[in-house]
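Novice: compute the structure for the input listed below.
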Amino acid sequence: MRIVQIIDSLDAGGAERMAVNYANALAKKIAFSGLIATRKEGSLKDQINSNVSYLFLEKKNSVDFQAVFRLRKYIKKNQIDIIHAHSSSFFIAVLVKLTLPGIKITWHDHYGTREKETKEKNRVLIYLSAFFSAIFVVNLQLQEWSKKNMHCSRVIFIPNFITSKAETEQLTNLKGNAGKRIVFLANLKNPKNHILILKAFTELKLNESGWTLHLIGKDYFDNYSNEIKKHITSYSLENAIHLYGAKNDVRYILSQASVGVLASTQEGFPVTLLEYGLENLAVISTNVGYCSSIIQNEVNGLLFDPLSYLEVKSQLKKITDDDSLRKTLGDNFKQSVEQHYSEEIVIEKLISAYTN
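Specialist: All right, here's what the predicted structure looks like:
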């Protein structure tokens with residue numbers, strides 16, 4: 001098989017990380033594995049393995065015929081069988097298929113909010129889905145939505161996976177005391193719901209018992225991040241809550257923490273949870289999307305309703321109060337992630353989905 005992943009950017013987001021992970025993993029299994037960024041490069045470019053063919057299209061507009069023909073040339077030159085289009089990159093994939101009818105498109109939906117959207121909002125996607133040979137989804141709600149609305153009969157759930165490949169970078173040293181660091185890995189934007197965790201952290205006065213909170217993710221310097229910064233200064237928590245921006249040495253960062261948090265009001269299948277698990281963190285997580293399938297409450301993590309402040313506060317208190325609970329949850333979660341969401345297991349399922 002000769003397959004290329006297409007993604008709009010290489011910024012550090014969940015869909016972007018999975019496009020890179022798929023390209024890297026498939027390079028070890030199939031004849032040709034490529035990765036194309038359409039609009040923008042980013043920090044994840046450095047994580048593309050040398051055995052993956054890479055192209056940046058420099059797409060300028062929604063309909064950019066020069067980019068379409070660059071993509072067409074790449075596909076013909078490398079004799080690509082399947083375009084694996086992630087998220088909104090389906091549009092350019094369909095445009096190139098109109099000039100190369102023999103090419104197959106599999107579209108991968110990572111967008112957890114779509115299940116709550118109308119058909120009208122997705123009318124272009126639904127119309128163009130007639131050109132897809134298969135749809136991959138990251139949770140069962142999205143699978144149901146696609147089966148109900150899309151013009152493609154093959155809809156397959158493919159879980160995200162985490163690679164255990166060691167990172168070489170060790171650049172970011174977290175502030176605070178070892179054993180009392182909470183990390184929140186998410187770009188500073190809706191629907192990641194940072195302020196919920198900040199309020200719970202503040203009201204529980206966790207800083208007074210030595211806990212620190214570390215926000216890792218891209219800062220867009222907008223109203224969302226301004227609200228976070230205003231909260232920190234209003235409660236004089238500059239020594240307890242720290243912002244680091246987007247970082248590449250995620251595994252090294254997580255290795256310095258003992259608790260991982262995810263608070264989104266909407267999710268697909270967050271790779272962040274798998275990253276927490278691989279580093280043995282005790283996790284408290286939102287129960288939306290596929291999160292409640294990855295985590296069994298009080299077995300390998302603690303779940304909460306992201307719209308319930310009392311629930312998140314209770315779970316945060318429980319996990320910071322009890323050393324032995326943190327160890328048990330962390331150990332159980334690591335075992336679960338390695339057993340169910342390893343690269344080997346998921347790539348085998350992916351290749352089967354490509355060929356059937």
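Novice: mind checking how far the residue of the chain positioned farthest from its centre is from Ala240?
Specialist: Within the chain, the residue lying farthest from the chain centre (Cα atoms, centre = their mean) is Glu208, at 32.6 Å. According to Cβ to Cβ, to the nearest Å, Glu208 stands 9 Å off from Ala240. Every C-beta, even on glycine, is put in place using the N, C-alpha and C of the backbone.
Novice: how about Ser336?
Specialist: From Ser336 across to Ala240, the span is 31 Å (Cβ to Cβ).
Novice: between these two, which one's more packed in?
Specialist: The neighbour comparison of Ser336 against Ala240 (other Cβ atoms under 10 Å) goes to Ala240, with 21 against 18.
Novice: give me the nearest residue to the more buried one, chain neighbours excluded.
Specialist: Spatial nearest neighbour of Ala240, excluding adjacent residues (Cβ to Cβ, 6 or more residues apart in numbering): Asn207 at 3.6 Å.
Novice: same check, this time on Glu279
Specialist: Closest to Glu279 by Cβ to Cβ, 6+ apart is Leu254, at 3.9 Å.
Novice: I'd guessed that neighbour sits against Gly277; true?
Specialist: No - with contact defined as Cβ atoms under 8 Å, Leu254 does not count as touching Gly277 (9.8 Å).
Novice: and the gap between the nearest residue to Thr99 once chain neighbours are set aside and Leu325?
Specialist: Nearest non-adjacent residue to Thr99, counting by Cβ to Cβ, 6+ apart: Arg72, 5.5 Å away. Using Cβ to Cβ, one obtains 56 Å as the distance from Arg72 to Leu325.
Novice: check Ile319 too.
Specialist: Taking Cβ to Cβ, one finds Ile319 at 7 Å from Leu325.
Novice: try Ser342
Specialist: Distance, Ser342 to Leu325, by Cβ to Cβ: 26 Å.
Novice: what's the answer for Ile294, then?
Specialist: On the measure of Cβ to Cβ, Ile294 and Leu325 end up 19 Å apart.
Novice: who's more crowded, those two?
Specialist: Ile294 (25 against 15).
Novice: what sits against Arg181?
Specialist: Leu174, Trp211, Thr212, His214, Gln256, Ala257, Ser258, Val259 (Cβ atoms under 8 Å, 6 or more residues apart in numbering).
Novice: spatially nearest residue to it (excluding sequence neighbours)?
Specialist: Using Cβ to Cβ, 6+ apart, the closest residue to Arg181 is Ala257 (4.3 Å).
Novice: can you check Val283 too?
Specialist: The spatially closest residue to Val283, leaving aside those adjacent along the chain, is Gly301, at 4.0 Å (Cβ to Cβ, 6+ apart).
Novice: just checking, the one you found touches Ser285?
Specialist: Yes - if you go by Cβ under 8 Å, Gly301 and Ser285 touch, sitting 5.8 Å apart.
Novice: shared neighbours, those two?
Specialist: Contacts common to Gly301 and Ser285, judged by Cβ under 8 Å, 6+ apart, are Ile295.
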